[in-house]
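A.B. asks: Could you work out the structure for the sequence below:
(one chain, ligands or ions: 1)
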Amino acid sequence: MTTTGLDEKGWDEETDVIVVGFGGAGAAAAIAAREGGAEVLVLEKMPDPGGLTIVSAGGLRVAFDREAALSYLEATCAGRTPRAHLEVLADGMVAAPEWLRDLAEPLGATVTVTPSPGNYPLPGFEALGYAAITAVPGLERPPHAASALTDGGRLFHVLEQTARRRGVRVLTGAPVRRLLTGGLLTGEDRAITGVIAEIAGRTVRIRARRGVVLACGGFEAGETLKRDHFQATPVLAGSFLGNSGDGIAMAQDVGAALWHMWHYHGPYGLRHSDPDYPYAFYLKALPMWTPGPAAHLSALGLPAGAKKEPARVAWILLDQTGRRFMDEYPPYPGDTGIRPLDAFDPKTQSFPRIPAHLIFDENGRRLYPIGRSIANGRAPVHVWSADNRREVELGILRRADSLAELAAQTGIPEATLTDSLDRWNAACQAGHDPDHGRRPDSLLPIDTPPYYHAEAWPIVINTQGGPVHDPRQRVLTPFGEPIPRLFAAGELGSVFGHLYLSGGNLVESLVGGRIAGREAAALAPLEAA
Ligand SMILES: Cc1cc2nc3c(=O)[nH]c(=O)nc-3n(C[C@H](O)[C@H](O)[C@H](O)COP(=O)(O)OP(=O)(O)OC[C@H]3O[C@@H](n4cnc5c(N)ncnc54)[C@H](O)[C@@H]3O)c2cc1C
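C.D. replies: Numbering: from 1, shown residues only. The predicted structure follows:
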């Protein structure tokens, strides 16, 4: 299929603004474009809308002070994102609670705003919080194909209802395949004029009189992109198979530059024993916590080193040689949790931590469900048993009655395994992890047989890479020139490119989506082709 330079005649239909993808960013863009007076068509690839947004925890990172938020964003982005982009996001973080209330009010939904410091003790961290939609009258079940009702589901419900009430037209099961341009890839001819999509088994060409917003998520399920851009391999998708990087390919096809492709938000987790089960398992949700000097935190009225109740962590990780290699409980497991698994050993030509061995004992088994699954999709989702027994029966977790058996099952020499566990148990006894500094209140000895183990793999919660955009969400070429009439929003080309800020993707989706929709709607319509 050729796109650039195609004769545009023969459109199947037309509208003002086409939004590609109906998750949080797409919904925000569609609502804003309608507010700008545009006719809007949203094309969603999957049979059910919502993307990652609908299964997310639904927390939007907000700020109580614009300058503090900017300082924090600059510190966490570490020079990988221009200040102008972060200014826009900081403004949006301050405005977000009010926007949410505007959306929620007509539906009687409740918005809760909670102060909560940033994940790392960087400048401005104390001036942040979360906003979430925590109740929606009448919404008792997960919307669409979400496996659980979360604040993310509530958020998407409110966005979707608002979009539909305002006259946004949505087609599901309608993947967009290509962008169409006016002709040669130069100057105004480069303008995006429409899309090619598959609708009800037909290939159709839809004209966009004003613009196209790509809001089609990242590449959690894009195996080639993950292999090309991440060091670790494989990296398993946790929650959703609809985001396979289509927006990246389409944007590249019309000349976009890419950024932040290496950066993803991910922990380590487990695999189902059934190879056909489509999602990786996340581990027990460990509370995020903010490291920092206790005095600093207590001056802010925060518990020393903690945001929430501290977690006891049942497991340790060993590499394939049988040694611990990381703090299994970093401040924000979903941000940097995967990074230590990246290590490649050029001498053995292998990734000695992929998979790693996750190990716990009988006391750990009784503590809580070790894993969990949360997904947006029609395939049945595994509900993890409270005592982990069902997962042992299914072979997701393996049981070993003795250390000798554990050694035999994992392939770790018994002497090394015994040494690693002795060292771990001594650290627990001392209340101090000298090797990796895991927080003392998370230490739990592993000394009571039977033992349990599973392979631990890198998991992607969501990606950050995609087309570069400017602060107006206009997609840019490698020369920094906007591609006329093309916008990107959400995690597709996120501003996060170094450390992640919990709640950052949702607020960015709404902030960027709104800007993209508004900008597209404000463009003068193209002359009829
Ligand atoms: C379990 C979990 C919890 C999370 N919790 C939080 C949280 O509390 N706070 C936070 O900020 N972030 C959270 N995140 C991350 C956040 O949910 C996502 O980064 C964010 O929702 C992305 O929004 P989006 O609109 O860019 O993409 P999505 O919501 O994923 O929507 C993209 C849509 O585009 C569609 N699409 C893809 N390709 C095409 C195509 N070719 N044509 C048409 N449509 C297409 C997809 O099917 C999808 O519906 C969480 C993620 C997960 C998995």
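A.B. asks: could you say what helices and strands the longest helix along the chain packs with?
C.D. replies: Scanning the chain for the helix with the most residues, using DSSP state H, yields helix 83-104. For helix 83-104, the contact count by 3 or more Cβ pairs under 8 Å, 6 or more residues apart in numbering; DSSP states H and E identifies strand 60-63, helix 66-77, strand 110-115, strand 128-135, helix 151-165, helix 504-522 as packing neighbours. Placement of C-beta: from N, CA and C, glycine included.
A.B. asks: how big is the angle separating the last one from strand 128-135?
C.D. replies: Computed with axes from the mean of the first three to the mean of the last three Cα atoms, to 10 degrees, the direction of helix 504-522 lies at 80 degrees from that of strand 128-135.
A.B. asks: Could you list the buried residues of helix 504-522?
C.D. replies: Using 16 or more other Cβ atoms under 10 Å as the burial criterion, the residues of helix 504-522 that qualify are 504-521.
A.B. asks: Pull the contacting residues for the closest residue to Asp246 other than its chain neighbours.
C.D. replies: In this structure, Asp246 finds its nearest non-sequential neighbour in Cys216, 5.6 Å apart by Cβ to Cβ, 6 or more residues apart in numbering. Contacts for Cys216 (Cβ atoms under 8 Å, 6 or more residues apart in numbering) come out as Val20, Gly21, Gly26, Lys45, Val176, Asn243, Asp246, Gly247, Leu492.
A.B. asks: so is the closest residue to Val235 other than its chain neighbours in a helix, a strand, or just coil?
C.D. replies: Closest residue to Val235 in three dimensions, ignoring its sequence neighbours and counting by Cβ to Cβ, 6+ apart: Pro458, at 4.6 Å. Three-state call for Pro458 (DSSP: H, G, I helix; E, B strand; the rest coil): strand.
A.B. asks: Okay, and the beta partners of Pro458?
C.D. replies: Beta-bridge partners recorded for Pro458 (DSSP bridges): Tyr268.
A.B. asks: rewinding a little: among the contacts of Cys216, which one lies nearest to Arg83?
C.D. replies: The shortest gap between Arg83 and any of the contacts of Cys216 belongs to Leu492, at 21.6 Å (Cβ to Cβ).
A.B. asks: Also near the ligand: which of the contacts of Cys216, exactly?
C.D. replies: With respect to the ligand, and counting by Cβ under 6 Å from any ligand atom, the subset of the contacts of Cys216 in contact is Val20, Gly21, Gly26, Lys45, Val176, Asn243, Asp246, Leu492.
A.B. asks: With pLDDT, secondary structure and neighbour count as extra columns, can I get those residues in TSV?
C.D. replies: Compiled in TSV, the ones next to the ligand among the contacts of Cys216 are given as follows (pLDDT from 0 to 100; DSSP: H, G, I helix; E, B strand; the rest coil; neighbours: other Cβ atoms under 10 Å):
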residue	pLDDT	secondary structure	neighbour count
Val20	99	strand	28
Gly21	98	coil	32
Gly26	99	helix	35
Lys45	98	coil	23
Val176	98	strand	25
Asn243	98	coil	29
Asp246	98	helix	22
Leu492	98	coil	34
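A.B. asks: I'd like the distance between the residue in the stretch 51-200 of the chain that the ligand sits nearest to and Leu155.
C.D. replies: Of all residues in the stretch 51-200 of the chain, Gly51 sits closest to the ligand, with a separation of 2.3 Å (Cβ to the nearest ligand atom). Spatial separation of Gly51 from Leu155 under the definition Cβ to Cβ, to the nearest Å is 12 Å.
A.B. asks: and if you look at Asp48?
C.D. replies: Computed with Cβ to Cβ, the distance linking Asp48 and Leu155 is 16 Å.
A.B. asks: Just want to know which of these two has more residues nearby.
C.D. replies: Leu155 (33 against 18; other Cβ atoms under 10 Å).
A.B. asks: which residues sit in contact with that one?
C.D. replies: Here Leu155 is in contact with Gly24, Thr53, Ser56, Gly58, Leu60, Ala132, Ile133, Leu506 (Cβ under 8 Å, 6+ apart).
A.B. asks: Need the pLDDT of the closest residue in space to the fourth one that isn't next to it in sequence.
C.D. replies: Excluding the flanking residues, the one nearest Gly58 by Cβ to Cβ, 6+ apart is Asp151, at 2.6 Å. You'll see Asp151 listed with a pLDDT of 98.
A.B. asks: Kindly report the same for the one 4 residues further on.
C.D. replies: The pLDDT attached to Leu155 in the predicted structure is 98.
A.B. asks: what's the model's confidence in the longest helix of the chain, averaged?
C.D. replies: pLDDT averaged over helix 83-104 equals 98, rounded to a whole number.
A.B. asks: pretty sure Ala38 contacts Val17?
C.D. replies: Yes: Ala38 lies in contact with Val17 (Cβ atoms under 8 Å); the separation is 4.6 Å.
A.B. asks: one step back: may I see the buried residues of the longest helix of the chain?
C.D. replies: Within helix 83-104, the residues that qualify as buried by neighbour count (16+ other Cβ under 10 Å) are 85-90, 92-97, 99-100, 103-104.
A.B. asks: Wondering if it reaches the ligand at all.
C.D. replies: No: counting by Cβ under 6 Å from any ligand atom, the ligand is not contacted by helix 83-104; separation bottoms out at 10.8 Å.
A.B. asks: How far does that helix sit from its chain's centre?
C.D. replies: The chain centroid and the centroid of helix 83-104 are separated by 19 Å under Cα atoms, centre = their mean, to the nearest Å.
A.B. asks: Using CSV, write out the CA atom coordinates for the longest strand seen in the chain.
C.D. replies: Ranked by residue count, the top strand of the chain under DSSP state E comes out as strand 202-214. These are the backbone C-alpha positions of strand 202-214, laid out as CSV (Å, rounded to 0.1, in the frame of the first residue of the first chain):
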residue,chain,number,x,y,z
ARG,A,202,-13.8,-2.8,4.0
THR,A,203,-10.8,-0.6,3.3
VAL,A,204,-12.0,3.0,3.3
ARG,A,205,-10.5,6.4,2.8
ILE,A,206,-11.7,9.0,5.1
ARG,A,207,-10.9,12.7,4.6
ALA,A,208,-10.1,15.0,7.5
ARG,A,209,-10.9,18.5,6.6
ARG,A,210,-8.9,20.0,9.5
GLY,A,211,-6.6,17.4,11.0
VAL,A,212,-5.8,14.0,12.4
VAL,A,213,-4.9,13.3,16.0
LEU,A,214,-2.9,10.1,16.6
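A.B. asks: Flag every residue of the stretch 151-300 of the chain that's near the ligand.
C.D. replies: Residues of the stretch 151-300 of the chain lying close to the ligand (Cβ under 6 Å from any ligand atom) are Pro175, Val176, Ala215, Cys216, Gly217, Gly238, Ser239, Gly242, Asn243, Asp246.
A.B. asks: Touching, the fifth one and Gly51? I think so.
C.D. replies: Right, the one you point to is Gly217. Yes: checked against Cβ under 8 Å, the pair Gly217 and Gly51 is within contact range at 5.2 Å.
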